[in-house]
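Student: Structure for this input, please:
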Amino acid sequence: MIRALLSVSLSLVSVRGQCLRDVQVSSSSSTTVTLAWAYTCNVDDIETYKIDFKHEKFKACDYPKKDNKKPSGFGTVETQSQGVVIRNLHPYSEYSFEVRVILQGVGSGRPESLSVTGDTEFSIPKVRAQVSQLDYSYRNTKSSLVFNWSPPLAAGTCDTFYAELGNFVYVIQGINEWNRKFYTEDSLDLSQTMVEVKGLQPYSDYIFFLYISNTAGEYDEDVYLKLEGRTLSTVPDPPTLLSTDSSDSTSIHFTWKPHLPLTGNLVYYEVRWKLVSGLDWLDSRRLSVADTEVLCSDEGGKSVDLACYTLTNLTPENYTLQVRSHNENVTQPSPWSRPAHVQVREVGSGYFDATNIIIITCFVILLLASLGFLLYRFQCSRRKKGFDQVLTDDTSRPIIRGSGRQSTKFSDSNSYVLRPGSTQRCVQDPLPPVPSQENIYSDIKPKPGKVEPELEEEEDHYLKPNPARVESCESLDEQGYLRPNFNRFQRLDTSGSEHSPHVIPPVSYRTGT
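Tutor: Below is the predicted model of the structure:
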């Protein structure tokens, strides 16, 4: 009886084992593997599929090394379909997969299962070279640098190779203001651990990046070995922009600028001077860079990009000066700069010249101011002489009627215009015409032996308004009559003679009566 039951059980397992078929790796990437299979029995009996995966080894390592930790070392994934994607795997690694079929109900027996192995694809290496214990910087020159390193340790870092390693890739770039445009990139075999870069500028800083690529030439720009180097100093170039200034009769202040880019660490300058007419140099002097920078500091104490110095105890002469530079650890100095010429003059003569210029300038300013004031007074005096006179015909002249006499007209052709309809007269609307010169009496003494004629009762013999006194409409009263504004006096006979002139009745210039 027991043998019969065992036979039936083995038969069922055998029948169920034939339902799960064709388990295989359909595709893969550097971190994923896709599995697919077939199930030939009734799929309604299936509760779920369970897929177990386990990391077997890193393919880049020379010895069996594997990850035994979750989530990439091992794990289980469930699915209801006949395929699954296993994620978060190690690149360039070997994995084993087991697919199990879980049926519905209890006592369904041991689940069917099939196993398969699969590999992930290679990726970009995450490994970097090591800093070498050997120092080859003694081989650096003024135009070349030597960089060396140690290869990565395979025993400890092969799990980050993620591929078969290809080459070293290095990048060199200048980091100074004058060499930032320098950039070069090249590759080296993995067996090399040193490179010499040529064609560099003296006394310049460069940065060296070393990457490790795979066989496809791909590398991670964020994973690198960083080294720095500086080329050696060389003979400096002569200073530039040398300029001089004679501040007084015994000293010369001069400035210059170091030649850029620098070819070494400047330690001191050397200055020499002589007379322009002489052949031999009078003297020379060494100046430290620190001293020249202090003398050129601005008011805030900030050092400017210049070097300065002042020579003292000189005699008034014409001098020639030159400057050259000295670099640290370089025996040969720079060539001498271009000569600069300056004249040291006596204080008295220079002061006298400056004083003369100031005096002449002040005198010119006062002269111009005086001329302007006189011109202004002249214009004002012209405006105070009276109104403009307008020529009119006889019909436009005003009529002055006397008592008991025939009305007369002023015979002077130079007269004021009485505009029709005008009720007020001012500078823009002139008063009546100016009487002729014959009608204006003045204090003129008669010539000896000449008898003055007696005054007649004519309007022309009476004192007329002085036009020079008429400046605005205030010369007329409310009824339009001319207000008295005489500045001269008419000679009147006060002896009671019968020839005394009659008083001229007032005439309104507004109404004409």
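
Student: Please identify which helix or strand holds residue 157.
Tutor: Element membership for residue 157 (DSSP states H and E) is helix 154-157.

Student: in that helix, what's buried?
Tutor: residue 157 (16 or more other CB atoms under 10 Å). The way it works is simple: take the backbone N, C-alpha and C, and place the C-beta from them, glycine included.

Student: Which neighbouring elements make contact with the helix or strand that it is followed by?
Tutor: Under the assignment DSSP H and E, the closest C-terminal helix or strand after helix 154-157 is strand 165-174. Contacts defined by 3 or more CB pairs under 8 Å, 6 or more residues apart in numbering; DSSP states H and E place strand 165-174 against strand 183-188, strand 205-214.

Student: what comes into contact with the following helix or strand past the shortest one?
Tutor: Sequence order places strand 194-197 as the next helix or strand after strand 183-188, per DSSP H and E. Contacts to strand 194-197, defined as CB atoms under 8 Å, 6 or more residues apart in numbering, come from residues 136, 139, 144-149, 170, 172, 184, 186, 188, 206, 208.

Student: residues near residue 370, how many?
Tutor: As a burial measure, residue 370 scores 10 neighbours (other CB atoms under 10 Å).

Student: Just list the residues touching it, thanks.
Tutor: Here residue 370 is in contact with no residue (CB under 8 Å, 6+ apart).

Student: Start and end of stretch 55-69, how far apart?
Tutor: One end of stretch 55-69 sits 9 Å from the other (CA to CA, to the nearest Å).

Student: Double-check that residue 138 belongs to a strand.
Tutor: No: counting by DSSP: H, G, I helix; E, B strand; the rest coil, residue 138 is not part of a strand but helix.

Student: how close does it sit to residue 313?
Tutor: Using CB to CB, to the nearest Å, residue 138 is found at 48 Å from residue 313.

Student: for the closest residue to residue 126 other than its chain neighbours, what are its contacts?
Tutor: Closest residue to residue 126 apart from its sequence neighbours, by CB to CB, 6 or more residues apart in numbering: residue 160 at 4.3 Å. If a contact means CB under 8 Å, 6+ apart, then residue 160 has 125, 126, 127 as its contacts.

Student: Save those residues as TSV, and put in secondary structure and neighbour count too.
Tutor: TSV is the format used below for these (DSSP: H, G, I helix; E, B strand; the rest coil; neighbours: other CB atoms under 10 Å):
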residue	secondary structure	neighbour count
125	coil	26
126	coil	17
127	coil	23
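
Student: Low-confidence stretches in the stretch 151-300 of the chain?
Tutor: 246-248, 294-295, 297-300 (pLDDT under 70).

Student: 90 instead, please
Tutor: Scanning the stretch 151-300 of the chain for pLDDT under 90 picks out 153-157, 244-254, 277-278, 288-300.

Student: pretty sure residue 237 is in a helix, no?
Tutor: No: under three-state DSSP, residue 237 falls outside any helix and is assigned coil.

Student: Could you measure from it over to residue 56?
Tutor: With distances taken as CB to CB, residue 237 is found 66 Å from residue 56.

Student: Residue 340: neighbour count?
Tutor: Residue 340 has 19 nearby residues by other CB under 10 Å.

Student: List phi and psi for it.
Tutor: phi -120, psi 140 (degrees, to the nearest 10).

Student: doesn't residue 241 make contact with it?
Tutor: No: the pair residue 340 / residue 241 is not scored as a contact, 9.7 Å apart, by CB atoms under 8 Å.

Student: Start from the N-terminal end of this structure and give the helices.
Tutor: Per DSSP state H, the chain carries helices over the ranges 2-17, 154-157, 289-295, 347-383.

Student: right, and the helices and strands packed on strand 165-174 - which one's nearest residue 222?
Tutor: strand 205-214 (9.7 Å; CB to CB).
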